[in-house]
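Visitor: below is the sequence, then the predicted model.
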Amino acid sequence: MGHESKAPGPRHRAQRVLARLLAVVSAVAVLLALAPTSSSASSPDGPAIKAFPTGRPCWYADTWQAPRGVGADGKPRFHEGVDVIAATGTPLFAVDDGRITRLNSSTRGGIQLYLTRDDGTYYFYGHLSRYADGIAVGQRVTAGQLIGFVGQTGDAVQSVPHLHFEIHPGGGAAVSPFAAVKAVDGCGTPNPGRPPTDPLGTTPAGGSGFGGLSPLVPIRFADTREALGLTRFSAGTQNWLTVAGRGGVPADATAVTATITVTNPAAPGFVTAYPCGSGTPETSTVNFVAGQTVANSAVVGLGTSGRLCLVASVATDVILDITGFRGPSGRLGYQAATPTRLLDTRTTKGRLDPGEEIAVSVPGTGVQAATVNVTAVDAGGPGFFTVYPCGAGRPNASTLNMRAGSTVAAGTTVGLGGGRLCVYSSAAADVLVDLLGTWQTGAGLRPAAVTPDRMLDTRDERAMIAGNTVRRIPIAGVGPVLADARAVVVNLTTVGADGPGFATAFPCGGAVPPTSTLNYAGSTPTANSSIVGLGGGAMCVLSNRPVHLIVDVIGYLR
């Protein structure tokens with residue numbers, strides 16, 4: 001097979017939108033980098049500090065010991081600091097004289113800084129966007145000195161940009177810093193104590209009882225290039241992110257729809273997404289070659305404590321955009337459609353220019369969301385598509401990534417705005433949009449996520465599927481899929497073709513639709529996810545040329 005990516009094991013184991021969550025954040029769009037106050041104050045909770053930690057405008061409240069979800073050990077977590085809400089890039093200042101004793105990053109705290117006084121008392125700064133120029137471990141600083149900038153790194157990606165600030169007297173346990181911070185207040189706004197709604201608390205469960213899907217305007221939950229939520233993956237290391245109860249995903253969510261993008265990989269490989277606590281499955285979600293930027297959509301169950309886990313076979317950067325959730329609060333059911341081409345710019349308006357977007361109407365009464373396959377054809381340069389509800393404001397997220405001259409497809413489920421979805425292209429390209437199904441309130445099939453399971457790998461058979469020949473794949477009642485499943489959510493991967501081509505998945509027993517599920521350039525592994533109806537409990541796949549086919553089930557509908 002050459003060097004194609006293949007999951008290891010016995011079966012070839014394979015922010016801007018978030019700111020709208022809180023109205024106060026919109027008020028900090030213009031940064032006023034005012035110097036902090038310089039008066040000293042004593043505190044019954046923590047020791048005196050000499051300067052306020054952030055510039056203006058800002059806002060804070062007493063949220064000491066406020067609930068903060070559940071930790072990795074399954075026990076409740078509580079807040080042990082003060083959160084100062086401010087725009088990304090707002091200056092951060094040393095609150096006292098001391099020495100920089102640690103600079104690091106973590107999945108929870110993001111980019112972090114530790115400032116230690118001579119008596120051992122230290123101050124913790126979390127969720128920074130970056131350090132100030134010249135800041136280094138061992139450096140001596142004075143109160144009021146610029147040391148960094150507010151950000152949204154670590155698990156702050158699920159809330160709003162802010163500084164998490166802690167005080168540890170004598171180097172011991174954290175104490176409430178609220179009184180010390182308030183005594184040198186640099187925000188200049190009333191802070192009467194804990195607000196009625198903790199702005200950084202978890203999203204409460206609420207539920208329609210239907211147990212369907214609810215789309216979201218795509219939200220960027222993680223970007224390892226910026227230490228946003230996660231840091232760069234190393235080979236074989238499990239990485240996790242708490243999703244339930246954050247960023248618009250309710251606490252009772254059982255699964256999410258997501259776009260996972262890989263960029264800057266060190267070598268050919270793959271990334272696998274799965275529910276934490278279930279064990280790493282023998283599947284792959286995104287396949288790539290060295291240096292490639294490639295995206296794929298997936299339905300991923302949420303495991304222990306509402307967490308999503310990811311593992312990469314090689315070192316790489318990963319971007320995670322959440323596009324919807326499934327669970328008791330989900331309100332939409334799925335109606336399968338005969339695959340229909342809604343848009344082909346090659347035969348209508350002509351290709352999109354860089355920075356142009358186009359609105360696409362989705363037929364049907366009461367349709368709230370649509371599952372579509374979007375294809376970029378003959379891209380004029382490297383770039384990306386973003387698919388989102390028209391009228392919602394284009395999010396900081398991507399649906400597919402393309403290279404110059406490439407033809408690449410991506411399946412996604414997207415909410416509609418006024419019955420329309422919008423496609424934005426950062427590079428010149430033709431756009432195809434194929435409708436696979438629609439979602440309506442309280443009616444239709446309900447989705448269920450499963451731990452990904454490999455249903456077919458023709459490399460095990462040592463024979464490719466023949467070109468222009470239909471391959472039948474039993475699904476219902478096989479592995480984790482219940483016998484009464486009516487449709488399946490799959491990840492299709494092609495490997496080893498001797499040239500460019502396409503593959504189409506469809507319900508067995510029906511006609512081959514005039515659409516494609518994925519487009520491949522040749523032998524390089526190419527993957528795409530799709531919802532495919534079942535005919536006689538099976539799905540069928542046709543490729544226009546011989547190719548190895550891998551089918552991973554990631555969910556089903558019934």
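Guide: In hand now; what should we look at?

Visitor: tell me how many other residues surround Gly355.
Guide: 11 (other C-beta atoms under 10 Å). (C-beta placed from N, C-alpha, C; glycine too.)

Visitor: which residue, other than its chain neighbours, is closest to Thr438?
Guide: Val367 (4.5 Å; C-beta to C-beta, 6 or more residues apart in numbering).

Visitor: hey, what's Trp240 bridged with?
Guide: For Trp240, the beta-bridge partners are Cys309 (DSSP bridges).

Visitor: ok, it touching Arg108?
Guide: No - checked against C-beta atoms under 8 Å, the pair Trp240 and Arg108 is beyond contact range at 10.2 Å.

Visitor: report pLDDT for Gly71.
Guide: pLDDT recorded at Gly71 is 58.

Visitor: now swap in Ala392 and tell me
Guide: 84.

Visitor: tell me, how many residues neighbour it?
Guide: 17.

Visitor: and it, that's in a helix?
Guide: No - Ala392: not assigned to a helix; according to DSSP: H, G, I helix; E, B strand; the rest coil it is coil.

Visitor: quick one: it and Leu416, what's the gap?
Guide: 10 Å (C-beta to C-beta, to the nearest Å).

Visitor: kindly report the same for Gly171.
Guide: From Gly171 to Leu416 the distance is 55 Å (C-beta to C-beta).

Visitor: over to Val318?
Guide: Counting by C-beta to C-beta, the gap from Val318 to Leu416 is 29 Å.

Visitor: okay, now the domains of the chain?
Guide: 1-14+207-330, 23-183, 332-441, 446-558 (automatic domain parsing).

Visitor: what about the nearest residue to Phe52 once chain neighbours are set aside, how many residues nearby?
Guide: Nearest in space to Phe52, with sequence neighbours left out and distances taken as C-beta to C-beta, 6+ apart, is Gly186 at 2.9 Å. When neighbours are counted by other C-beta under 10 Å, Gly186 registers 19.

Visitor: just say helix, strand or coil for Gly186.
Guide: coil.

Visitor: let me know the pLDDT of it.
Guide: 88.

Visitor: so how far is Thr90 from it?
Guide: Counting by C-beta to C-beta, the gap from Gly186 to Thr90 is 11 Å.

Visitor: what's the answer for Phe506, then?
Guide: 52 Å.

Visitor: with Ala156 instead?
Guide: Ala156 is 13 Å from Thr90, by C-beta to C-beta.

Visitor: quick one, what contacts the residue nearest to Thr438?
Guide: Going by C-beta atoms under 8 Å, 6 or more residues apart in numbering, Val367 touches 416, 419, 438-440.

Visitor: go through these and name the one nearest Val470.
Guide: Thr438 (26.0 Å; C-beta to C-beta).

Visitor: any idea which helix or strand carries the closest one?
Guide: strand 430-441 (DSSP states H and E).

Visitor: same for the helix or strand following that strand, what does it pack against?
Guide: Using DSSP H and E, the helix or strand that follows strand 430-441 in sequence is strand 447-457. The contact analysis (3 or more C-beta pairs under 8 Å, 6 or more residues apart in numbering; DSSP states H and E) places strand 447-457 against strand 255-263, strand 269-275, strand 294-301, strand 317-326, strand 487-495, strand 548-557.

Visitor: just want the angle from strand 447-457 to strand 430-441.
Guide: For strand 447-457 against strand 430-441, the angle by axes from the mean of the first three to the mean of the last three C-alpha atoms, to 10 degrees is 130 degrees.

Visitor: who does strand 447-457 pair up with?
Guide: Here, using DSSP bridges, strand 447-457 pairs with strand 548-557 (antiparallel).

Visitor: what residues does Asp155 make contact with?
Guide: 107-110, 229, 241-242, 246.

Visitor: show me the helices in the stretch 301-450 of the chain, by range?
Guide: Under the criterion DSSP state H, counting those that start in this stretch, the stretch 301-450 of the chain carries no helices.

Visitor: and the host helix or strand of Arg102, what does it pack onto?
Guide: Here Arg102, judged by DSSP H and E, is contained in strand 98-106. Using 3+ C-beta pairs under 8 Å, 6+ apart, the elements in contact with strand 98-106 are strand 110-116, strand 122-131, strand 140-141.
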